[in-house]
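In: fold the following, please.
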Amino acid sequence: MPYPKRYVDGVLLNWGDRLFYEPVYPIKAPRTSRVAWRGTPAQLRAQIARTIRRVPEVMIKITNKPGGKKGMTAIRDHLRYISRNGQVELEDQDGQAILGVHELRDVVDEWRHSGMGIPDESRHREAFNVMLSMPPGTDRQAMRDAARAFAKTEFGESHHYVFAAHEDEAHPHVHLCVQARGRQGRRLNPRKADLQCWRERFAEHLREHGVEANATPRRTRGVTQRYAKQAVVHLRERGESPANSPPASSATFDAHRRVLDAWREIARALAASDNGADRRMSIDVTDFVRQMPVVQAGLASNPEFAKEPSLAPESRESRRHSTSQLGQEEPDIEH
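Out: Next up is the predicted model:
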């Protein structure tokens, strides 16, 4: 017997909350997912749909080198780099364009002396160099517009910043340099959770500018490898192959087990829905899980892995059969 949408919504909010927006660790007591979840059931369904369609993922990283210089000298060198020594236009928090070596020098002087000032050398990180990146083929103007909106939303009211869009590489990317000390004296101190929030918000801005973008943790997608190190990227650009990564171990799979459990429960809830679009999505969720890198690695090393209970247990064919038994499908859900 199919379940009403309200019941399915509750199950999705519970497991979707754990899958996308909080660490998937054991919990001692039930949580009220509607408190933790920041969106609606329709937005969660849209998030699931983007993930199983493998919509391009936003990458955000802080490029400051640990242990490197942290004062105005380092900031000046970085501004020269991202502006190609004044040849690439910068834009500041007020929307002012900065182009040429003379205007670049003015920005450096302003940052050096404004507010509490920034010394040439400092024990503290005086600016954060943030890179926003998307895969090749992303609309570059939309990327720039989304970066502008993201920077204004996140830092415009509290921090000075400049950004530059680089057009001379395959991956569209924007370099954003943000003063660490805010106008009220409070310093930025981004952690891993902050970077994930930045990814989600930047993806939202990209979608608002017509670019399909997603921002999910690697573990949610069953990815077992991190982004390639810069040395590996250079090897590939020269046509050389880096050393193969070791196959996924049982420990690697165990680290993904709770994610797989969450996907399984989402697939079950969608399959039991009285909404046709939900039931169709349950089939796609099952296929998505079985094609995850961590699952494929497990299947390659041990065929018996297919019986792993954390995988969605029903085949595509059985899902189609159960779907067909539920009668005429309803219109698609609201997005």
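In: which SSE is Val162 in?
Out: If you go by DSSP states H and E, Val162 is part of strand 161-166.
In: should've said Met131
Out: Applying DSSP H and E, one finds Met131 within strand 127-133.
In: what angle sits between the strand holding Val162 and strand 127-133?
Out: 30 degrees (axes from the mean of the first three to the mean of the last three CA atoms, to 10 degrees).
In: mind listing what's buried in strand 161-166?
Out: Buried residues in strand 161-166, counted by 16 or more other CB atoms under 10 Å: Tyr161, Val162, Phe163, Ala164, Ala165, His166. C-beta here means a position set from N, CA and C on the backbone, and glycine is covered the same way.
In: what pairs with the second one across the strands?
Out: Each beta-bridge partner of Val162 is listed here, defined by DSSP bridges: Asp92, Cys177.
In: contact partners for it?
Out: Leu79, Leu90, Glu91, Asp92, Gln93, Ile98, Val107, Leu176, Cys177 (CB atoms under 8 Å, 6 or more residues apart in numbering).
In: and which of those is nearest Pro41?
Out: Leu176 (33.4 Å; CB to CB).
In: contact partners for the closest one?
Out: Contacts of Leu176 by CB under 8 Å, 6+ apart are Asn129, Val130, Met131, Leu132, Ala147, Ala151, Tyr161, Val162, Phe163.
In: and the gap between the second one and Glu154?
Out: Taken as CB to CB, to the nearest Å, the spacing of Val130 relative to Glu154 amounts to 9 Å.
In: who has more neighbours out of the two?
Out: Each of Val130 and Glu154 has its neighbours counted (other CB atoms under 10 Å); Val130 has more, 27 against 21.
In: how about that one: what's its closest non-neighbour residue?
Out: Distances taken as CB to CB, 6 or more residues apart in numbering place Leu176 nearest to Val130, at 4.4 Å, with adjacent residues excluded.
In: swap in Gln47?
Out: Nearest one to Gln47, counting by CB to CB, 6+ apart, is Phe20 at 6.0 Å.
In: same check, this time on Tyr3
Out: Ala272 (4.9 Å).
In: from Met281, how far off is that neighbour?
Out: Relative to Met281, and taking CB to CB, Ala272 is found at 12 Å.
In: now swap in Lys69 and tell me
Out: From Lys69 to Met281 the distance is 50 Å (CB to CB).
In: neighbour count winner among these two?
Out: Counted by other CB under 10 Å, Lys69 and Met281 do not tie: Met281 has more neighbours, with 23 against 17.
In: hang on, the more buried one packs against Ala49?
Out: Yes - using CB atoms under 8 Å, Met281 makes contact with Ala49 at a distance of 6.8 Å.
In: count the neighbours of Arg187 for me.
Out: When neighbours are counted by other CB under 10 Å, Arg187 comes out with 13.
In: that older thread, what's near enough to touch the residue nearest to Tyr3?
Out: Pro2, Tyr3, Val8.
In: and the helices in the stretch 201-335 of the chain?
Out: 230-237, 250-271, 276-290, 293-301, 316-324 (DSSP state H, counting those that start in this stretch).
In: quickly, which of those helices bottoms out on average pLDDT?
Out: Lowest mean pLDDT of the helices of the stretch 201-335 of the chain: helix 316-324, a mean of 45.
In: how is the protein partitioned into domains?
Out: Taking automatic domain parsing as the domain assignment, the record places the domains of the chain at 5-55+248-324, 59-208.
In: so what's Arg144 closest to, chain neighbours aside?
Out: Ala165 (4.5 Å).
In: identify the residues contacting the one you found.
Out: Val88, Arg140, Met143, Arg144, Ala147, Pro172, His173, Val174.
In: so which of those residues are in helices?
Out: Among the contacts of Ala165, DSSP state H puts Arg140, Met143, Arg144, Ala147 in helices.
In: out of the residues you listed, who's nearest Ala277?
Out: So of these, ranked by how close each gets to Ala277 (CB to CB), first place is Met143, at 30.9 Å.
In: for the closest one, give its distance to Asp109.
Out: Going from Met143 to Asp109 by CB to CB gives 30 Å.
In: out of the two, which sits in the busier spot?
Out: Each of Met143 and Asp109 had its neighbours counted (other CB under 10 Å), and the higher figure belongs to Met143 (25 against 12).
In: can you pull out the helices in the stretch 51-200 of the chain?
Out: 72-82, 101-113, 140-155, 192-208.
In: what's the closest of these to Val223?
Out: helix 192-208 (14.3 Å).
In: that closest one - contacts with which helices or strands?
Out: strand 59-62, helix 140-155 (3 or more CB pairs under 8 Å, 6 or more residues apart in numbering; DSSP states H and E).
In: now that we have those, can you turn them into CSV and tack on mean pLDDT?
Out: Below are these laid out as CSV (pLDDT from 0 to 100):
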stretch, mean pLDDT
strand 59-62, 94
helix 140-155, 97
